[in-house]
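Trainee: Here is a sequence with its predicted model. Questions after.
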Amino acid sequence: MNTGSDRETNESAAESAAESAAGSTAGSAAEEAPHVSKAPDFIKARRGLHLSWQVGVFIVGLAVIGAGIAMLVLPGPGWVAIFAGLAIWATEFAWAHLALRWTKRKVSEAAQKALDPKVRRRNIILTSVGLVIAGVLIGLYLWTHGFQLPWNPEVK
């Protein structure tokens with residue numbers, strides 16, 4: 001199983017050199033660079049120790065993501081914790097690095113889209129219409145059934 005922490009092979013090094021010689025830009029070469037483990041060198045030098053390091057990183061990332069999922073329904077910054085757990089995983093695993101990069105790109109696109117004046121105006125109008133409809137429905141309910149507190153079970 002390739003976790004993305006293995007060193008680059010001679011073939012992929014030759015392909016990278018050929019791409020850079022073919023005129024690829026520095027930005028695209030940086031994006032295509034293989035993911036490298038962020039573990040210290042003395043840990044990467046020993047396979048068993050590195051595997052243990054990766055298991056530890058996976059467990060810590062899983063705990064942070066689990067806490068984030070719990071915080072989606074409980075008080076707390078759930079999404080921040082989920083993204084932090086993904087960032088922890090991205091230090092060791094290529095798949096998590098790619099998922100984090102994709103997530104960052106999508107969040108940036110959504111933020112840019114939300115700042116568009118037309119989209120903001122549409123969202124404000126839809127929210128206002130929704131609040132008016134909710135107010136009318138609550139008013140109709142109170143007009144037909146009256147206002148009675150739940151802890152006061154006396155019926156009129």
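Mentor: Great, that's in hand.

Trainee: So, low pLDDT: which residues of this protein?
Mentor: By pLDDT under 70, the weakly predicted segments of the chain are 1-35, 149-150, 152-156.

Trainee: Helix, strand or coil: sort out the spatially most central residue of it for me.
Mentor: By Cα atoms, centre = their mean, the chain has its centre lying nearest to F83, at 4.2 Å. Using DSSP: H, G, I helix; E, B strand; the rest coil, the structure places F83 in helix.

Trainee: How about the contacts made by I65?
Mentor: 81-82, 85-86 (Cβ atoms under 8 Å, 6 or more residues apart in numbering). The way it works is simple: take the backbone N, C-alpha and C, and place the C-beta from them, glycine included.

Trainee: For it, what is the enclosing helix or strand?
Mentor: Taking DSSP states H and E as the definition, I65 sits inside helix 47-73.

Trainee: What are the buried residues along that helix?
Mentor: The neighbour-count criterion (16 or more other Cβ atoms under 10 Å) identifies 50, 53-54, 57-58, 61, 64-65, 67-68, 71 as the buried residues of helix 47-73.

Trainee: same deal with stretch 95-107?
Mentor: In stretch 95-107, counting by 16+ other Cβ under 10 Å, buried: 96-97, 100.

Trainee: Now find how far off-centre the lengthiest helix in the chain is within its chain.
Mentor: As assigned by DSSP state H, the longest helix anywhere in the chain is helix 117-145. In terms of Cα atoms, centre = their mean, to the nearest Å, the centre of helix 117-145 is found 31 Å from the chain centre.
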